[in-house]
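Trainee: Return atomic coordinates for the entry below.
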Amino acid sequence: MNGAKPFGPIPPEFAGLSALAWLDEATPAYIYDFAIVESRIARLRAALPDRVSLHYAIKANPLPELLAAIAPLVDGLDVASAGEMARALDVKPAADISFAGPGKRHAELEAAIRAGVTLHLESEGEADRALAASERLGVKPRLAVRVNPDYELRGSGMKMGGRASPFGVDAARVPALVRRLIAAGVDWRGFHIFAGSQSLDTAAIIETQAATLAIARRLAHESGATPPLVNIGGGFGIPYFASDTPIDLDAIGEALGERMAEYAELEVAIELGRFLVGEAGVYLTRVIDRKESQGETFLVVDGGLHHHLAATGNFGTVVKRNYPVAVAHRMRDPAEEIVTVVGPLCTPLDRLADRVALPRAEVGDVIAIFASGAYGASASPSAFLGHPPAREILR
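Mentor: Residues are numbered from 1 along each chain as shown. Just a heads-up that it's a prediction; the model follows:
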């Protein structure tokens, strides 16, 4: 329809559904289909080399029920706070948990060391504090070094390498730090090398993985010790917006297998969050008003940016682009009108979908926003303006 803005592709697992089962749910709500998560993990296991461990970055979605379900299917959990660590310890042994992040507090360092969680050190100063904490506790710490690589993941939504960064130790300074840690008698656990996230460029992912293995080998040689594990991050993107296309997982796995054959001494883990859970979630919000203003139609719904900041374009994007969206009970019907879907908050930022072509929706109908399983409820300002939180349901 003329004047409509495009929106992203509905995940194939949802595209053929009428979604009638959702209509009985009280809104606003997130629904997570765990069968999709299981299928995604199975696809990864089939595509990636057998030697690659699979870790879940729980910042993508820390819902306790989801963590309990996903923990048996992955080899490790990666956390970024003491709160996430506590949830991870409920479902996974400490030896299978790693803790990253540039601002770990003294209490967090002590809690991780006491529990036996691997700390990914982000600076020499953090190493000093971790060593001091371990001495106070009388516990040998499990320590890895996060590397700030001298390259970035091309096409990534958030670039994490190739520049000055609060994340990780600059590669040139890593060998000296590793030698110091080993001399101090710690349980050195290897490297964490993460160059970027949310890339849909298959060639760039392959290129970055090759560079990451190469820098891991070089740093190991310069450090004089083979790392027990090299966490090469993830960066696998999912389609959110119009023209986005999925990555070629088989091509990535094949290329990684070829590279790993050249690096037989390295044990490798891939850390993924969004790629495992992002397309498994749908956010449901109900129309509470239809209004016309200067020739435009607005659907006012009972949810908004306080539940789903990313869908409004206010979480890491520069230009507002529309997530996959549908009128839940009319997913197979043709578009009839151009509407803007807005939430109940007193801010013009609260736009869940901007000038999209949809079947007509009336008061009481449910709007579904797809690709909402990652960085949804937990990445949104739920306390803003005092509205109640969205429900979260795992199926």
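Trainee: Please report the distance of Val79 from Glu108.
Mentor: Distance, Val79 to Glu108, by Cβ to Cβ, to the nearest Å: 10 Å. (Each C-beta comes from the backbone N, C-alpha and C, glycine too.)
Trainee: The two: who's more crowded?
Mentor: Val79 (27 against 20; other Cβ atoms under 10 Å).
Trainee: Check which helix or strand the closest residue to that one other than its chain neighbours maps to.
Mentor: In space, and not counting its chain neighbours, Val79 is closest to Met85: 4.7 Å by Cβ to Cβ, 6 or more residues apart in numbering. Secondary structure assignment for Met85, by DSSP states H and E: helix 82-89.
Trainee: Which residues does that helix contact?
Mentor: Outside of helix 82-89, the residues within contact range by Cβ atoms under 8 Å, 6 or more residues apart in numbering are 58-59, 62, 64, 67, 77, 79, 97, 99, 105, 107-108, 111-112, 115, 117.
Trainee: repeat that with 7 Å
Mentor: 58-59, 62, 64, 67, 77, 79, 97, 99, 107-108, 111-112, 115, 117 (Cβ atoms under 7 Å, 6 or more residues apart in numbering).
Trainee: where does the stretch 101-250 of the chain have low pLDDT?
Mentor: By pLDDT under 70, the low-scoring segments of the stretch 101-250 of the chain are 152-163.
Trainee: what are the ranges of the strands in it?
Mentor: Using DSSP state E, counting those that start in this stretch, the strands of the stretch 101-250 of the chain run over 118-121, 142-148, 158-159, 169-170, 187-193, 196-197, 230-231.
Trainee: which one of those strands lies closest to His387?
Mentor: Set against His387 and scored by Cβ to Cβ, the strands of the stretch 101-250 of the chain come closest in strand 158-159, at 28.0 Å.
Trainee: count of neighbours near the closest residue to Leu219 other than its chain neighbours?
Mentor: Nearest non-adjacent residue to Leu219, counting by Cβ to Cβ, 6+ apart: Val174, 5.2 Å away. When neighbours are counted by other Cβ under 10 Å, Val174 registers 25.
Trainee: now the one 10 residues further on
Mentor: Ala184 sits with 16 neighbouring residues when counted by other Cβ under 10 Å.
Trainee: so how far is Leu77 from the residue nearest to Val79?
Mentor: For Met85 relative to Leu77 (Cβ to Cβ), the value is 9 Å.
Trainee: what does Tyr56 give?
Mentor: Counting by Cβ to Cβ - Tyr56 and Leu77 are separated by 6 Å.
Trainee: residues in contact with Val342?
Mentor: Here Val342 is in contact with 298, 300, 350-352 (criterion: Cβ under 7 Å, 6+ apart).
Trainee: Surely Thr226 touches Glu267?
Mentor: No. Contact criterion Cβ atoms under 7 Å: Thr226 and Glu267 do not qualify, at 9.1 Å.
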